[in-house]
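K.L.:
The sequence and its predicted three-dimensional model are supplied below.
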Amino acid sequence: MRRHIVRWLLPVLLVVGLSEGRAQLLYPGSPRLDLQEPGLSSPLPSNSVSHIVVQDSVIWIGTSKGAARSPDGGRTWESFATVPAFARPGIFALAVRGDSIWCSTGFSQDIDGSDIQTGAGYAYTLDDAMTWRFAEQPLDADHDSLVQYGINTVRFLPVTVKEQNVTFDIALSAGTVWVASWSSGLRRSTDLGATWNRIVLPNDDLGRIAPTDSLGDYVVNPVPVDNFKAFAVFAEDDSTIWAGTAGGVNKSTDGGLSWRKFRSDNQSEPILSNWVIAVGAQQVGLNKRIWTTNWIAEGPGQRYGVSYTDDGGDSWTNILIGVKAYGFGFRDSVVYIATTEGIYRTDDGGNSFVRSGTIVDRRTGQRITSDTFFSVGILGDTVLAGGADGLVKTVDNASHPFGLTWEIFRAYEPLTSEVQTYAYPNPFSPRFEVTRIHYALRSGPSDVTVEIFDFGMNRVRTVIRDAARSGATEVDEVWDGRDDNGTVVPNGVYFYRVVVGGGEPLWGKILVLA
């Protein structure tokens, strides 16, 4: 995850008080304005899969090029990337409840040399994707500064721009849509996004808040309040709502009116760290175990890892300490955790783990090049995980241990002849992704050489030389955008040459955009 300083537009700067080192791209593969993947005829809309939700045997995924669903375990996909309601195809959040599906859309743009994640609104359906509608990203008018909270009037600085106003999570409860956004905090709508109400959470000095409290001079601005920088929202039921922020995890048992805040420094058995980016629930007997992913926040003793509670937040167990985690999947007693080190599996509450390791599809020869996974979904005894390099699937049961074999699903276009080649994605940004050079083996197993040249036809990288390739008729070779010295190449046009088994060279072109 690349750290960088973000220059905020003034109306947002005062609301969230972003500090150096805290502004991060939550999903580093998020789509950019100037990066457009060519039309692909393959099942997946994109190889960057940030969200997976499984409901009633249907798999929903959110990708950098739109949302899609599969009714048959991933064999076929229906993509909604071209639906007009998806104003921008990048999916930052995905929620499913019955026939209602909500997607947060957005993109990254370069402003003064910084990558600024920008909210583009919501695509949603109420009839199981038969028709889609659009709701605007929540924005305030210049005069929208006061929020009535019980007997108190709380003053906020209005959020008037979409830059840094990205919704990272959505939850659906009865008649209510909840959204967690970085600059505009936690909000809810009861009229399908026509209007949004701010949710007043405890500020950084308070552990609890209720509408009947006399808050006095309740400070939200201009002092930066980490607990108003929202990343996660989870509806345990229609009354119990959890909200993860840069200042802890908050719980409401009355539909979002009163809140209790849990931090690493306000309990005897506290949560691991204060920056909570995901919240999920596992059914354990008659009770629910609440899980959180924790990132490093400001203050002493902050560490990456995972926390869970069996008593509604009164005490926490901390596991995977030092590991940056993104999300969860649950199947009975088993928990799967998507991290930057692969997929962790535990069936004993974190006392022991199995990790995914190297992921190779034996049938196709495809290999996952990145250990980072953002999401996990469970369909029966099938485990699906999404990352920046594709969607993977494995079976986990008594006769097939987790990770014994893998299937890899990727966006690609089948070749129409043995002398065709292309690279995907193209253009590509070496800061966020790799590009794959796709070609055919022609007449079976062969030795292959792939080289990269700059615009002046100077060789800058030998990807492979006389490497043995077999097992699949179509093959990918990965280029990470670096030269033979390990330095990222400058922006521009590059040419690649593929030589299969001593045959005539195949040439292609790649555009590199930082």
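P.N.:
The structure has been received and is ready for your questions. Here the structure is a predicted model, which means the values were calculated and not measured.

K.L.:
Run a quick neighbour tally on the closest residue to Asp396 other than its chain neighbours.
P.N.:
Closest residue to Asp396 apart from its sequence neighbours, by Cβ to Cβ, 6 or more residues apart in numbering: Phe402 at 4.1 Å. In this view, the C-beta of every residue, glycine as well, is placed from N, C-alpha and C. Other residues near Phe402 number 18, with proximity taken as other Cβ atoms under 10 Å.

K.L.:
So for stretch 267-285, what gets flagged as buried?
P.N.:
By neighbour count with 16 or more other Cβ atoms under 10 Å, stretch 267-285 contains the buried residues 270-282.

K.L.:
May I see those organised as a markdown table, with secondary structure, distance to Thr473 and pLDDT added?
P.N.:
Output for the buried residues of stretch 267-285, formatted as a markdown table (DSSP: H, G, I helix; E, B strand; the rest coil; distance: Cβ to Cβ, whole Å; pLDDT from 0 to 100):
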| residue | secondary structure | distance to Thr473 | pLDDT |
| --- | --- | --- | --- |
| Pro270 | coil | 55 | 97 |
| Ile271 | coil | 51 | 96 |
| Leu272 | coil | 48 | 96 |
| Ser273 | coil | 48 | 96 |
| Asn274 | coil | 51 | 95 |
| Trp275 | strand | 46 | 96 |
| Val276 | strand | 46 | 97 |
| Ile277 | strand | 41 | 95 |
| Ala278 | strand | 40 | 97 |
| Val279 | strand | 44 | 98 |
| Gly280 | strand | 40 | 97 |
| Ala281 | strand | 44 | 97 |
| Gln282 | strand | 42 | 97 |
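
K.L.:
Let me have those in CSV, extended by distance to Tyr326.
P.N.:
Formatted as CSV, the buried residues of stretch 267-285 follow (distance: Cβ to Cβ, whole Å):
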residue, distance to Tyr326
Pro270, 22
Ile271, 17
Leu272, 15
Ser273, 14
Asn274, 17
Trp275, 13
Val276, 12
Ile277, 7
Ala278, 6
Val279, 12
Gly280, 11
Ala281, 17
Gln282, 16
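
K.L.:
quick one: which of those is nearest Thr358?
P.N.:
Ranked by distance to Thr358 (Cβ to Cβ), the buried residues of stretch 267-285 are led by Ala278 at 25.3 Å.

K.L.:
thought Asp144 was touching Pro158?
P.N.:
Yes: the pair Asp144 / Pro158 is scored as a contact, 4.8 Å apart, by Cβ atoms under 8 Å.

K.L.:
When these two are compared, which one has more neighbours?
P.N.:
Shown here are Asp144 and Pro158; by other Cβ under 10 Å, Pro158 has more neighbours (18 against 14).

K.L.:
Kindly provide the distance from the nearest residue to the more buried one once chain neighbours are set aside to Ser183.
P.N.:
Of all residues not flanking Pro158 in the chain, Asp140 sits nearest, at 3.6 Å (Cβ to Cβ, 6+ apart). For Asp140, the distance to Ser183 equals 10 Å [Cβ to Cβ, to the nearest Å].

K.L.:
Identify the contacts common to those two.
P.N.:
Val159 (Cβ atoms under 8 Å, 6 or more residues apart in numbering).

K.L.:
Same drill for those two, tell me which one is more crowded.
P.N.:
A direct count of neighbours by other Cβ under 10 Å for Asp140 and Ser183 places Ser183 higher, at 23 against 19.

K.L.:
so Ser352 makes contact with Thr346?
P.N.:
Yes: look at Ser352 against Thr346 with Cβ under 8 Å: they come within range, at 6.5 Å.

K.L.:
Do you know the pLDDT at the residue nearest to Asp396?
P.N.:
Looking at Phe402, its pLDDT reads 97.

K.L.:
Next, it: phi, psi?
P.N.:
The phi and psi values for Phe402, taken as degrees, to the nearest 10, are phi -50, psi 130.

K.L.:
which ones are touching it?
P.N.:
345, 354, 356, 383, 394, 396.

K.L.:
The protein: helices as residue ranges?
P.N.:
Assigned by DSSP state H, the chain shows helices spanning 10-16.

K.L.:
Could you list the single helix or strand in it with the lowest mean pLDDT?
P.N.:
Across the helices and strands of the chain, mean confidence by mean pLDDT, DSSP states H and E is lowest for helix 10-16: a mean of 28.

K.L.:
Now do the contacts for Lys251.
P.N.:
Contacts for Lys251 were tallied using Cβ under 8 Å, 6+ apart; they are 240-243, 259-260, 262, 312-313.

K.L.:
are any of these buried, and which?
P.N.:
Those of those that meet the buried threshold are 240-243, 259-260, 262, 313, by 16+ other Cβ under 10 Å.

K.L.:
about what we covered before: closest one to Trp178 out of the contacts of Lys251, please.
P.N.:
Closest to Trp178, out of all of the contacts of Lys251 and judged by Cβ to Cβ, is Ile241, at 6.6 Å.

K.L.:
How about the contacts made by the closest residue to the closest one other than its chain neighbours?
P.N.:
Leaving aside its sequence neighbours, Ile241 sits nearest to Ser252 (Cβ to Cβ, 6+ apart; 4.7 Å). Counting by Cβ under 8 Å, 6+ apart, Ser252 touches 239-243, 258-260.

K.L.:
Can you tell me how far Ser252 is from Pro427?
P.N.:
Distance from Ser252 to Pro427, by Cβ to Cβ: 45 Å.

K.L.:
Ok, Arg88 next?
P.N.:
17 Å.

K.L.:
Low-confidence stretches in the chain?
P.N.:
1-43, 219-224, 471-472 (pLDDT under 70).
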